[in-house]
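[1] with the sequence up front, the predicted model follows.
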Amino acid sequence: MEVFKLRPDDDFIRLGQLLKAAGMAESGVEAKEMILDGRVSVNQKTETRRGRKLYDQDVVSCEGREIKIEK
């Protein structure tokens, strides 16, 4: 499982931003399509909201990769 560290001043990151930052999506449009296609889950539940806020200890799964959010 990969780990994504939030910036010290941030309490969360939005799902679409994480997909881009982690290199899972090349653009916001691609991230949106992945999410709307049901290919992304947060804490083992399919997530369809690109703006979903991800906090410390959330786990995002997409296409065989898992990323854990850490503060």
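    Ah, there it is.
[2] now do the same contact list for Arg65.
    Residues counted as contacts of Arg65 (CB atoms under 8 Å, 6 or more residues apart in numbering) are 2, 22, 24. (Each C-beta comes from the backbone N, C-alpha and C, glycine too.)
[3] any of those buried? List them.
    Using 16 or more other CB atoms under 10 Å as the burial test, the contacts of Arg65 include Met24 as buried.
[4] end-to-end on stretch 38-47?
    The first and final residues of stretch 38-47 sit 7 Å from each other (CA to CA, to the nearest Å).
[5] try stretch 57-71
    Criterion CA to CA; first-to-last residue distance in stretch 57-71 is 8 Å.
[6] do stretch 30-49 as well
    14 Å.
[7] which parts of that stretch are buried?
    In stretch 30-49, counting by 16+ other CB under 10 Å, buried: 31, 34-35, 40, 42, 47.
[8] pLDDT below threshold where in the chain?
    Under the criterion pLDDT under 70, no range of the chain is flagged.
[9] residue ranges of the strands in this structure, please?
    2-5, 13-14, 40-42, 45-46, 53-54, 59-62, 65-70 (DSSP state E).
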